[in-house]
Every structure is written in structure tokens, then in C-alpha cells.
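**Q** Got a sequence here, can you build the structure:
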Amino acid sequence: MMYEAAAALADGLGAFTLETVQVADPLGDEVLVEMRAAGICHTDHASLSWKRPLVMGHEGAGVVRSVGSEVRHVRPGDAVVLNWAIPCGACPACRRGDAVLCESSRPAHVMEPSAGHARAEGTLWRGKPVDRSFNLGTLSTLALVRAGAVTLLPAGVPFASACIVGCGVMTGFGSAVNVAKVAAGSVVAVLGCGGVGLNVIQGARLCGAGRIIAIDARESALAQARRFGATDTILADVADADFSKMAEAVRGLNGGRGADYAFEATSVPALAFAPLRLIRDGGLALQVSGINDPVTVPMPWFMWNKRYETPLYGGCVPGRDFPRIFEHYRRGELELDALVTRTYPLADLGQAMDDMMAGRNAKGVIVFP
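**A** Have a look, this model is predicted:
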């Protein structure tokens, strides 16, 4: 049986329209989810230009409508949150604990027939199969996904707050906690204080960092960073092309030394290697915003045993990390509600995207009736 769903459809050429699509009943390891909320991030804007039509969205939470015959961990009526790095549990990467690098799960914009994604004919537009972004397509009233994309949502977590855990929160929190493993008492610099950067700050705070230096070109973002745990702030100078002033300011707050860890969370290509300027010799620089554009860097910035990583999705293992994040939330140790600056109906997706690109929101969320 096919059901009609309202969906945001990227045209692959830089724009989107609101369309009606048809979504099938789940088979095998599939789950049909009635979406209640979907977060918006810069990757959704990038997906507008992925060279083909697709149902947009990769952060989402909702209620299970029905499940395939192989699904055991959720049932109709369960509240769930979705993740986009869908582990198979059996490939070499999953077996060694790197579920985020699952060799049988690929984002929609690079998927192949052997990638194990939900069957193409499960979602139709104008009678033809259409892909779902990151195999989720959360900007739709119905989402047909694989069982590995679905994690139970504890009672008491609002859908609008839960949905952002599926990417922005997980990426920032996990980059600090899982990847950098920020040491207690250490000094952390965070460049970019939007949705991902604020969660790097939260993760570093929960790790016991001694000093967390937030850096942004907007005073409003720095004020927000203090609320989420930054101990110090630096207003970035957009004319500081080689980041020397930024590095000097970090050292000035740390007795003349660079930070132990520095995170880039801006999505600005020119800033991809800026964290290397902010760390001490032997420190760790992390570019967490997923920059794909060509950039260059002076090789001396790597000297003296500086390390540089581009972690994917905060090293996410959904069954481990999502319950941990929600437990921190339940205890009042990690903010989710306050990250959601504004909610919108699906009809206002264009405004939500504009607000995101202009930096007016920490996180914007589409809510479904």
C-alpha cells in the first residue's frame, strides 16, 4: 500500500519545492515513521545542489506507524529519533566499533546499488522512485527508513529538541567526547558558535575542560556560547586572514600557550585549517563542520607534532551515544530545548533556510502537525 506525504523536494539545481510523494508500507528491516520534527542544518542547504531530485532532511524524530517483519526493537506507536549514519552491524567497520564508517551504509548523494539503502521504489514522486537524503528524508510527513536508523526516544523529551540530536548535537558533542576525548582540566578553543559549535562546548564542559574559549564574529553568538559553558570569548576579526590575531588572543588567555584542542565549526572553507593556528605544539585540531570545498594550507602550520582530524558525525554509535545524550539532558547537564531558537511549519521551510544561512538561529526546526 502507498500513502501520500507532504515533502520538501530538492531539484538538484539549487532550489526546492513542496510536493506530494507516495510512501510504501515497510518491508523486512524497514520502519515507516510519521515525522513530528526535523532539524535544519547547512547540509540541507548543500543538498539542494546534489544533481538530482531527492526528499530533503536528515535530522528527525517522530512516531513509528508500522514496521517490517524483521524489526524487533521498535513497534507502532513508539517515539523515535533518527540517525543518518545507518550501521549494518556486520561489516568490518561495525565489528570494530566504527559504526559511523559502516561499509554498507552511505549518504544518499554517494549511494550505490549495493549500499543497502531503503528500496528505491519505497518513495515515489510523479510515479517514479526518488531518493531520500541520507537515506532518511526527514522533511516529509512520512519517512521510510531502515531499522538501523531508528533509536527509541525516552519519555519526556520533546520531538523538536530530540530531532537535533540526530546530527548537530551528535556531531559537536561526539567530536569532543568520542573523538578528541577532551581531558579534564585542558584548554579548548571552539571556532564557530552555531548549533555544532555550541555542542562542542557542551561536550568539552561535560569532559571537565578547565577553560573553553569560544570564538565567533558575532557578539550574539558569543553570548550564547557563555550560556552553554564557554569560560572565555574572543570576537573574531574577519580581516585576520592568517588567524595570527586569533592565535595571539588564545595564547593571551592561556599563559602564552596555544589550546590543547581546537575545533572548527563554521562551515566556512577559508577557516578549515584555522584550528592549527590555535593549538599548542602536539595539540589536536579538529575540523567538524564537514567542509567539502578545495582549500590550501601552509604546511608549517602542521609542524611540531600538531595533529589534524576531520571526524565524521562525532564518532556516532547510535545505541551508545543517543541514550547517553538523553540521560545528560534528563539530569539537566546538557541543553537541548535552548538550542532550538525557532520552529516553523513545513510551508515556511524557505524562511527557515534563510534564517539559518544568515546566522539568526542556533537551530531551526520544522514541526509537523
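**Q** what bits of this structure have low per-residue confidence?
**A** When residues are selected by pLDDT under 70, those of the chain lie in 105-120.
**Q** Could you chop it up by domain?
**A** Domain assignment of the chain by automatic domain parsing yields the ranges 2-157+336-367, 172-312.
**Q** got the ones you listed as a markdown table, with mean neighbour count and distance to Pro323 columns?
**A** Bear in mind the C-beta positions are built from the backbone N, C-alpha and C, glycine included. Formatted as a markdown table, the entries for those read as follows, by neighbours: other Cβ atoms under 10 Å; distance: least, Cβ to Cβ, whole Å:
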| stretch | mean neighbour count | distance to Pro323 |
| --- | --- | --- |
| domain 2-157+336-367 | 19 | 8 |
| domain 172-312 | 20 | 13 |
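**Q** Pipe the ones you listed into a markdown table and attach distance to Gly166 per row.
**A** Formatted as a markdown table, the entries for these read as follows, by distance: least, Cβ to Cβ, whole Å:
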| stretch | distance to Gly166 |
| --- | --- |
| domain 2-157+336-367 | 4 |
| domain 172-312 | 12 |
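**Q** Quick one: list the elements packing against whichever strand in the chain runs longest.
**A** With DSSP state E applied, the strand covering the greatest number of residues in the chain is identified as strand 30-40. Contacts of strand 30-40 with other secondary structure elements, assessed using 3 or more Cβ pairs under 8 Å, 6 or more residues apart in numbering; DSSP states H and E, are made with strand 61-67, strand 79-82, strand 142-146, helix 159-162, helix 349-357, strand 363-367.
**Q** The last one to strand 30-40, inter-axis angle?
**A** Spelled out, that is strand 363-367. Relative orientation of strand 363-367 with respect to strand 30-40: 130 degrees, computed using axes from the mean of the first three to the mean of the last three Cα atoms, to 10 degrees.
**Q** can you state the direction angle for strand 363-367 and helix 349-357?
**A** Interaxial angle, strand 363-367 versus helix 349-357 (the same axes, to 10 degrees): 170 degrees.
**Q** what pairs with strand 363-367, and is each one parallel or antiparallel?
**A** Sheet pairing of strand 363-367 (DSSP bridges) gives strand 30-40 (antiparallel), strand 340-344 (parallel).
**Q** Find the helix or strand that Gly172 is a member of.
**A** Gly172 is part of helix 168-174 when elements are defined by DSSP states H and E.
**Q** neighbouring contacts of that helix?
**A** The contact list for helix 168-174 (Cβ atoms under 8 Å, 6 or more residues apart in numbering) reads 39, 41, 59, 83, 195-203, 206, 265, 288, 311, 313-316, 321-322, 325, 334, 336, 339, 363.
**Q** make it 6 Å
**A** Where contact means Cβ atoms under 6 Å, 6 or more residues apart in numbering, the residues beyond helix 168-174 that reach it are Cys41, Gly195, Val196, Asn199, Val200, Gly203, Tyr313, Gly314, Gly315, Cys316.
**Q** What separation do you get for the nearest residue to the fifth one once chain neighbours are set aside and Ala225?
**A** By the measure of Cβ to Cβ, 6 or more residues apart in numbering, the closest residue to Val200 outside its immediate chain neighbours is Gly172, 4.3 Å from it. In this structure, Gly172 and Ala225 are 12 Å apart, going by Cβ to Cβ, to the nearest Å.
**Q** Break down the stretch 251-369 of the chain into its strands, ranges please.
**A** Chain-ordered strands for the stretch 251-369 of the chain, with DSSP state E, counting those that start in this stretch as the definition, fall at 259-264, 279-287, 307-309, 340-344, 363-367.
**Q** and of those, who's closest to Val297?
**A** Of all the strands of the stretch 251-369 of the chain, the one in closest proximity to Val297, counting by Cβ to Cβ, is strand 307-309 (8.8 Å).
**Q** Which elements pack onto that closest one?
**A** strand 279-287 (3 or more Cβ pairs under 6 Å, 6 or more residues apart in numbering; DSSP states H and E).
**Q** strand partners of the strand it packs on, parallel vs antiparallel please.
**A** Strands adjacent to strand 279-287 in the sheet, as given by DSSP bridges, are strand 259-264 (parallel), strand 307-309 (parallel).
**Q** Redo these as TSV? Include distance to Ala7.
**A** Rendered in TSV, the data for the strands paired with strand 279-287 read as follows (distance: least, Cβ to Cβ, whole Å):
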stretch	distance to Ala7
strand 259-264	33
strand 307-309	35
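**Q** Ala24 is nearest to which of those?
**A** Relative to Ala24, the nearest member of the strands paired with strand 279-287 by Cβ to Cβ is strand 307-309, separated by 39.8 Å.
**Q** Restricting to C-alpha, output stretch 182-202 in CSV.
**A** Output of stretch 182-202 as CSV, limited to C-alpha atoms (Å, rounded to 0.1, in the frame of the first residue of the first chain):
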residue,chain,number,x,y,z
VAL,A,182,38.9,16.1,25.9
ALA,A,183,41.0,15.7,29.0
ALA,A,184,39.9,17.1,32.3
GLY,A,185,41.5,20.5,33.1
SER,A,186,42.5,21.0,29.5
VAL,A,187,42.1,24.2,27.3
VAL,A,188,39.7,24.0,24.4
ALA,A,189,39.1,26.6,21.7
VAL,A,190,35.9,26.5,19.6
LEU,A,191,35.7,28.5,16.4
GLY,A,192,32.1,29.0,15.4
CYS,A,193,29.3,29.1,17.9
GLY,A,194,26.3,27.9,15.9
GLY,A,195,24.5,24.6,16.5
VAL,A,196,27.5,22.3,16.2
GLY,A,197,29.9,24.6,18.0
LEU,A,198,27.6,25.0,21.0
ASN,A,199,27.5,21.2,21.3
VAL,A,200,31.3,21.0,21.1
ILE,A,201,31.3,23.4,24.0
GLN,A,202,28.7,21.3,25.9
